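*Asks:* 3D model of this:
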Amino acid sequence: MLDTAPRLRNAAIVLLTHVSALLALVSAQEYDVAIAGGRVMDPESGLDAVRHVGIRDGKIAAISESPLKGKQTINATGLVVAPGFIDLHAHGMNAESAVLQAGDGVTTALEMEIGVYPVAPWYEKMKGNFPINYGATASHLGARVKIKEGIDLGHSATADPELRAKIAQGGWAYAVATDEEIGQMSGLLEKGLAEGALGLGFGIGYTPKASHREVFRMFQVAGKAGAPCFVHSRSPKDFSDDEATGAIQEIMANAVSTGAPLHVVHINSTGGPQAKVLLEMVRGAKAHGMDITAEAYPYNASSTLLQSALFDAEDWEKESGLKYSDIMWVKTGERLTKETFDKFRKIGGWVVVFGMQEEMIEWLVSQPDVIIATDGIPFVDGKSHPRGA
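*Replies:* The predicted structure follows:
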């Protein structure tokens, strides 16, 4: 038989020689900017290691294990160098908010919690009008508005204020859906997935009369399509023991029984003082093979629309543990009283709600398996919760 070993050895030597020469050439070149010694992460290729990056004409020209020369050198030791960050939970789907996101290195903003409905017209509307990458889930909330009110809500956070006011007066969130309506909602969400939605978005805390059966049927839509569910769980007040754990157990059970991947949004505000217990549940489910993730935003204040269902209960102060003075009216920056709460609730608009423990937020954002997302509210005339920036 012909002995091919010498040929293979010679070919390997030639290849190594060429590789060494190429690496030497890369190292010898001068780049506009050399980013030195950072942890380089590229989700597309799976690279996650300490590397040196050369930038020329505003583009990445080289990634090297050896130091590179640059007209400007940035020492990135101990820092992460990435082609861009993904914000999984961004409601600021307008150009002003996107510019602020880009300033922090966010190159993809995704509306995954509440989502949009209908999907195709929203994508068409965004085309050429958003300076960074974008995407959204198909919205269960939006599908419910369509079935109950006959209105195409689109993207709720950036919808026309008059439309939002009209929606706030409707009974779509407070009426139980019939089996026929649940079937219609399922069809709308299937259509949304076919039109490019990145999964299904649920704001169950904003749809208090969505039955457990209804939500389960929507999870079935996701499971059948292999699509993830991004969920703002029910308010703890909807469970007899007033525990946030019950709200998470509902959506975890749905995910297990349908096979739909699950993402628990803002575990900090969902869990409040029980956030550590909720994260323990997420970790336990993951350890037993469930496809589940969770996120937190790094602020001890939340933000929402004052006219939302979160403030519907007559004794919402007792149920939430909040006071009127914990709520800030975004337009003026004033803290509310009983009188101003009632007044502004009729008008409708954004509020910032101070109600989380700083220590809990610090702990959550330090956990390696908790994704950081903004839950950023749209900036309008520079007024919003600071997490939008």
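
*Asks:* checking Glu295 next. Helix, strand or coil?
*Replies:* Classification of Glu295 by DSSP: H, G, I helix; E, B strand; the rest coil places it in strand.

*Asks:* for the protein, which segments count as helices?
*Replies:* Assigned by DSSP state H, the chain shows helices spanning 5-28, 95-103, 119-126, 140-149, 161-169, 179-194, 212-225, 244-258, 267-271, 275-287, 316-320, 338-347, 358-365.

*Asks:* among the ones you listed, which is the most enclosed?
*Replies:* helix 267-271 (a mean of 26; mean count of other C-beta atoms under 10 Å). (Each C-beta comes from the backbone N, C-alpha and C, glycine too.)

*Asks:* which residues sit against that one?
*Replies:* Helix 267-271 has contacts (C-beta atoms under 8 Å, 6 or more residues apart in numbering) with 232-233, 244, 247-248, 264, 275, 277-279, 282, 294-297, 302, 355-356, 360-361, 364, 370.

*Asks:* what's the offset of it from the middle of its chain?
*Replies:* Between the centre of helix 267-271 and the centre of its chain there are 14 Å (C-alpha atoms, centre = their mean, to the nearest Å).

*Asks:* pLDDT below threshold where in the chain?
*Replies:* Where the chain drops to pLDDT under 70, the residues are 1-28, 236-242, 381.

*Asks:* quick check: Thr158 touching Pro378?
*Replies:* Yes - if you go by C-beta atoms under 8 Å, Thr158 and Pro378 touch, sitting 5.4 Å apart.

*Asks:* joint contacts of these two?
*Replies:* Common neighbours of Thr158 and Pro378, counting by C-beta under 8 Å, 6+ apart, are His91, Gly92, Met93, Asn94.

*Asks:* which among these end up buried?
*Replies:* For the shared contacts of Thr158 and Pro378, a burial check counting by 16 or more other C-beta atoms under 10 Å picks out His91, Gly92, Met93, Asn94.

*Asks:* next one: the last one from Gly38, what distance?
*Replies:* Counting by C-beta to C-beta, to the nearest Å, the separation of Asn94 from Gly38 is 32 Å.

*Asks:* then the first one?
*Replies:* Shown here: His91 relative to Gly38, a distance of 31 Å by C-beta to C-beta.

*Asks:* now the third one
*Replies:* Distance, Met93 to Gly38, using C-beta to C-beta: 30 Å.

*Asks:* what does Gly199 give?
*Replies:* Using C-beta to C-beta, Gly199 is found at 31 Å from Gly38.

*Asks:* go on, Ile60?
*Replies:* For Ile60, the distance to Gly38 equals 12 Å [C-beta to C-beta].

*Asks:* just Thr73 next, same as before
*Replies:* Using C-beta to C-beta, one gets 12 Å for the distance from Thr73 to Gly38.

*Asks:* looking at the two, which one has more neighbours?
*Replies:* When neighbours are counted by other C-beta atoms under 10 Å, Gly38 comes out ahead of the other of Thr73 and Gly38, with 19 against 15.

*Asks:* picking that back up, where do the contact lists of Ile60 and Gly38 overlap?
*Replies:* In contact with both Ile60 and Gly38: Val53, using C-beta under 8 Å, 6+ apart.

*Asks:* what residues does stretch 372-389 touch?
*Replies:* With contact meaning C-beta under 8 Å, 6+ apart, stretch 372-389 is reached by 87-94, 96-97, 100-101, 103-104, 109, 113, 157-158, 265-266, 295-299, 301-303, 330-331, 350, 352, 365.

*Asks:* kindly report the same for stretch 138-148.
*Replies:* So stretch 138-148 is in contact with 114-119, 151-154, 156, 167, 170-173, 175, 177, 181, 184-185, 188-189, 191-193, 195, 197, 199-204, 206-207, 210, 215, 218, going by C-beta under 8 Å, 6+ apart.

*Asks:* how close does Ala95 get to Val380?
*Replies:* 12 Å.

*Asks:* how far out from the middle of the chain is stretch 48-66?
*Replies:* Distance, stretch centre to chain centre, for stretch 48-66: 29 Å (C-alpha atoms, centre = their mean).

*Asks:* report the backbone C-alpha coordinates of that stretch in CSV.
*Replies:* Below are the C-alpha coordinates for stretch 48-66, written out as CSV (Å, rounded to 0.1, in the frame of the first residue of the first chain):
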residue,chain,number,x,y,z
ASP,A,48,-16.7,33.7,23.3
ALA,A,49,-13.0,34.3,24.2
VAL,A,50,-10.4,36.9,24.8
ARG,A,51,-9.4,38.4,21.5
HIS,A,52,-8.0,41.6,19.8
VAL,A,53,-10.2,43.4,17.3
GLY,A,54,-9.1,45.6,14.4
ILE,A,55,-11.5,48.2,13.0
ARG,A,56,-11.1,49.9,9.6
ASP,A,57,-13.5,52.3,7.9
GLY,A,58,-16.0,51.7,10.6
LYS,A,59,-16.1,47.9,10.1
ILE,A,60,-14.5,45.0,11.9
ALA,A,61,-11.5,44.0,9.8
ALA,A,62,-9.7,41.5,12.0
ILE,A,63,-10.2,39.4,15.1
SER,A,64,-6.9,38.0,16.4
GLU,A,65,-5.4,36.1,19.3
SER,A,66,-2.4,38.3,19.0
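
*Asks:* how about that stretch: buried residues?
*Replies:* If you call a residue buried by 16+ other C-beta under 10 Å, then stretch 48-66 has these buried ones: Arg51, His52, Val53, Gly54, Ile55, Ile60, Ala61, Ala62, Ile63, Ser64.
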